[in-house]
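Student: coords below, sequence missing:
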């Protein structure tokens, strides 16, 4: 029994909900190599095109075709910050779903931001955050994805904020599961959430099968990123391979991908790794392909 499976078993025995099955998080067996399917599947995060989308160089409807034709990757992630005006517009998301279907692609998850804090000390504000996430959960359901990412990164005492985060996540996760059939994931994304041990304790407190983590390789700030990813992996439903710059040998200069992907594999994870390229001076498709090549090289080395 690997560490990931053991911790999930502990969470269930502590009173978590019944297992929530989704392609966003495939339960790992006792060996990451026990299936004929690859243990990591590549996806692309829409935020890789942040500048181009803001400048109008491409549009959200262009995004699926740009990724599939430019990289060959057929799993797509989204970010609601680029399309907040589309909240609640069913026709828009049905059209986007058709575009991805026509490409033989799939939509996996959406990064969501909210003006109301899900980990606010005030119950009314937490409730407002849940309402604010509803149109995005509906959008993700239309797109055929499995989860949305939410933030719990408010200022305040770490232990007090942990309880507020647990309360908010429990309430949102219940809505996500019962009304939309979706999972909720928490990223290391600033504030206390940039501490892997803190996020792990939040997950233990929530103890619901369809609430998990999204470890980002480069969002830990001053916290040890390798330690942080390892701490978050037992609850990981998807992983973020953030990349910013490469050396002449094709290695990302800010993080050791060999060390990081070994941590991911050793956890027993089996699912999507989303490429989020945030480099400067390199076109997004080129940066995504550099990241793709590095990941594929390391996967072959770890086989």
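Tutor: Received the coordinates, thanks. In this text, all values refer to a predicted model and were calculated from it rather than measured experimentally.
Student: residues contacting residue 109?
Tutor: Contacts were defined as C-beta atoms under 8 Å, 6 or more residues apart in numbering; by that measure residue 109 touches 24, 77-78, 140, 145-149, 185, 214, 238, 272, 274. To be clear about C-beta, it is placed using only N, CA and C from the backbone, and glycine gets the same treatment.
Student: looking at this, it is in a helix?
Tutor: No. Assigned with DSSP: H, G, I helix; E, B strand; the rest coil, residue 109 falls outside any helix and is strand.
Student: Can you name the residues bridging to it?
Tutor: Here residue 109 shows beta-bridge partners residue 77, residue 147, assigned using DSSP bridges.
Student: where in the stretch 1-150 of the chain is pLDDT low?
Tutor: For the stretch 1-150 of the chain, applying pLDDT under 70 flags the ranges 1-36.
Student: at 80 instead, please
Tutor: In the predicted model, the stretch 1-150 of the chain carries pLDDT under 80 at residues 1-37.
Student: Same check on the stretch 201-303 of the chain?
Tutor: Along the stretch 201-303 of the chain, segments meeting pLDDT under 80 are nowhere present.
Student: The most centrally placed residue in the chain: what's it in contact with?
Tutor: Nearest to the mean C-alpha position of the chain, by C-alpha atoms, centre = their mean, lies residue 214 at 4.2 Å. Contact analysis of residue 214 by C-beta under 8 Å, 6+ apart lists 109, 149, 185, 186, 187, 188, 236, 237, 238, 239, 240.
Student: Now intersect these with the strands, please.
Tutor: Counted as lying in strands by DSSP state E, out of those, are 109, 149, 185, 186, 187, 239, 240.
Student: For residue 106, see how far away the closest residue to the third one other than its chain neighbours is.
Tutor: It stands for residue 185. Spatial nearest neighbour of residue 185, excluding adjacent residues (C-beta to C-beta, 6 or more residues apart in numbering): residue 214 at 4.3 Å. Computed as C-beta to C-beta, to the nearest Å, the residue 214 to residue 106 distance reads 17 Å.
Student: Could you point out which of the contacts of residue 214 is nearest to residue 265?
Tutor: residue 239 (10.7 Å; C-beta to C-beta).
Student: Okay, that closest one and residue 208: tell me how far apart.
Tutor: Counting by C-beta to C-beta, the gap from residue 239 to residue 208 is 20 Å.
Student: secondary structure class for residue 255?
Tutor: Look at residue 255: counting by three-state DSSP, its state is coil.
Student: doesn't residue 219 make contact with it?
Tutor: No. The pair residue 255 / residue 219 is not scored as a contact, 10.7 Å apart, by C-beta atoms under 8 Å.
Student: overlap in contacts of these two?
Tutor: Counting by C-beta under 8 Å, 6+ apart, the shared contacts of residue 255 and residue 219 are residue 242.
Student: one step back: biggest separation within the contacts of residue 214, which pair?
Tutor: Across these, the longest distance by C-beta to C-beta is 15.7 Å; it joins 109 and 188.
Student: Remind me which helix or strand residue 212 belongs to.
Tutor: Using DSSP states H and E, residue 212 falls within strand 211-214.
Student: And the next helix or strand past that strand?
Tutor: As assigned by DSSP H and E, the chain's next helix or strand after strand 211-214 is helix 225-232.
Student: So for stretch 252-272, what gets flagged as buried?
Tutor: Residues of stretch 252-272 classed as buried: 252, 255, 257, 260-261, 263-265, 267-272 (neighbour count, 16 or more other C-beta atoms under 10 Å).
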